[in-house]
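Visitor: Below are the sequence and a predicted model; questions follow.
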Amino acid sequence: MDILVQPLNRLIQAEPGANLLTVLQAAQVPMSYSCMAGRCGTCRCRVRAGEPRGTVDDEAAEVLACQTYLTEACTVEIPEPDEVVVHPARIVKATVVAIEALTHDIRRLLLRPAKPIAYSPGQYVQLQFSPAHARPYSMAGLCDDALLEFHVRQVPGGRVSGYIASDLRVGDAVKVSGPLGSAYLRRQHRGPMLCVAGGTGLAPVLSILRGALALGMRNPMHLYLGVRSPRDVYGLDALQALQRQHAGLSVQVVAASGGDGQGLRAGLVTEALAQDHGDLAGWRAYLCGSAPMVEAATRLVRHKGIAPAHIHADAFYPQGG
């Protein structure tokens, strides 16, 4: 059967029942992948015609190539062939180096991996602290760093975050699995970048900004950090250090319960963004934080002209805290 791959407009042959990712790899079509088990989302692509078995998002007609099997001729659209990343997922043992308070309910967790783990800025991993305590967390640094940095908000009644705050100790072993996620830095983009972070969504955004500057990207960069109240603000020192490296980085901190007279804006982060910007066509958006915030920001930036394929979102869904 024929498989048409867009935007390459390339026709390749496949046997009925073949795995889509395997077919693409055999034809040397550039395609991102990681875990090969349907967890990481890295190999997500869109079905433009036909109905291969394995659809994960009916509304968007998206599939995970590693979990999709070909049953008829079809057309698939792969994401940005010039932005392929391949970081084979692995499991690495790490040791807790530090657990530090960033705010009244956010902890900075530092781990020293026994072996390096490769990832792209903006990706995340699964951390397992015990057989009963495991959860995904985003890295705040770069894969060349000696330590892995995570920002953990303690959720009231949260099983995993409560364990980290109360029971985890320096020297404890942690299992790190990954990397996961497709909201990673697009290195080839030369236009403006918009980063919207809610709470600990600042962690992957910091990774993205640090990665962009490490690569020498000089794009205009606009960060909107939304918090519940002034006491929830953290990371300003790190952001100011990044601003000293790149004059084109602007930072807006927005508190839902009101500003504090020290540079914070009052309201919702989406309200501030709507006030500040008109047409955003040609921009890239990186949206990280709670699912309601990410969904609202996605609707807004699409309305302002950012193409859906250029919106890279990492929504944090409740998983028992």
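Guide: Okay, I see it.

Visitor: What segments of the stretch 1-150 of the chain are helices?
Guide: 20-26 (DSSP state H, counting those that start in this stretch).

Visitor: for the stretch 201-321 of the chain, same thing?
Guide: 202-214, 236-245, 269-276, 291-303.

Visitor: Please work out which of the ones you listed is packed deepest.
Guide: Among the helices of the stretch 201-321 of the chain, ranked by average contacts under mean count of other Cβ atoms under 10 Å, first place goes to helix 202-214 (a mean of 25). The C-beta positions use only the backbone N, C-alpha and C, and glycine is treated the same way.

Visitor: how far off helix 236-245 does that helix point, in degrees?
Guide: Taking axes from the mean of the first three to the mean of the last three Cα atoms, to 10 degrees, one finds that helix 202-214 is oriented at 20 degrees with respect to helix 236-245.

Visitor: Other residues contacting helix 202-214?
Guide: Residues outside helix 202-214 that contact it (Cβ atoms under 8 Å, 6 or more residues apart in numbering) are 120-124, 137-142, 149-151, 183-185, 193, 195-197, 219, 221, 223, 225, 234-235, 238-239, 242, 245-246, 249, 286, 288, 314.

Visitor: now do 6 Å
Guide: 121-122, 138-140, 142, 151, 185, 195, 197, 225, 235, 242, 245-246, 286, 288, 314 (Cβ atoms under 6 Å, 6 or more residues apart in numbering).

Visitor: what's the distance between that helix and the middle of its chain?
Guide: Its chain's average C-alpha position is 11 Å from that of helix 202-214, according to Cα atoms, centre = their mean, to the nearest Å.

Visitor: Ok, stretch 292-301 next?
Guide: 15 Å.

Visitor: got the contact list for it?
Guide: For stretch 292-301, using Cβ under 6 Å, 6+ apart, the contacting residues are 196, 198, 270, 280, 285, 287, 311, 313, 315.

Visitor: Tell me how many other residues crowd residue 256.
Guide: 15 (other Cβ atoms under 10 Å).

Visitor: Not counting sequence-adjacent ones, nearest residue to it?
Guide: residue 228 (5.4 Å; Cβ to Cβ, 6 or more residues apart in numbering).

Visitor: That neighbour is in contact with residue 255, isn't it?
Guide: No - Residue 228 lies out of contact with residue 255 (Cβ atoms under 6 Å); the separation is 7.1 Å.

Visitor: Neighbour count: the two, which is higher?
Guide: Remark: of residue 228 and residue 255, residue 255 carries more neighbours, 22 against 13, as counted by other Cβ under 10 Å.

Visitor: Hmm, the more buried one is touching residue 232, no?
Guide: No - in this structure, residue 255 is not within contact of residue 232 by Cβ under 6 Å, at 7.5 Å.

Visitor: for the residue nearest in space to the middle of the chain, helix, strand, or coil?
Guide: Closest to where the C-alpha atoms of the chain average out (Cα atoms, centre = their mean) is residue 183, at 3.6 Å. Counting by DSSP: H, G, I helix; E, B strand; the rest coil, the backbone at residue 183 sits in coil.

Visitor: What distance do you get for it to residue 40?
Guide: 11 Å (Cβ to Cβ, to the nearest Å).

Visitor: Also residue 7?
Guide: 23 Å.

Visitor: which of those two has more neighbours?
Guide: Higher neighbour count among residue 7 and residue 40: residue 40, with 26 against 11, using other Cβ under 10 Å.

Visitor: Please name the residues that touch that one.
Guide: Contacts of residue 40 (Cβ under 6 Å, 6+ apart): 34, 180.

Visitor: Skipping adjacent residues, who's closest to residue 308 in space?
Guide: Using Cβ to Cβ, 6+ apart, the closest residue to residue 308 is residue 302 (6.4 Å).

Visitor: Look up the pLDDT of the one you found for me, please.
Guide: On the pLDDT scale, residue 302 is placed at 95.

Visitor: Over to residue 254?
Guide: Predicted confidence (pLDDT) for residue 254: 95.

Visitor: Next, count neighbours for it.
Guide: 22.

Visitor: Also residue 105?
Guide: 18.

Visitor: burial of the residue nearest to it when sequence neighbours are not counted, as a residue count?
Guide: The spatially closest residue to residue 105, leaving aside those adjacent along the chain, is residue 154, at 4.6 Å (Cβ to Cβ, 6+ apart). Using other Cβ under 10 Å, residue 154 has 19 other residues around it.
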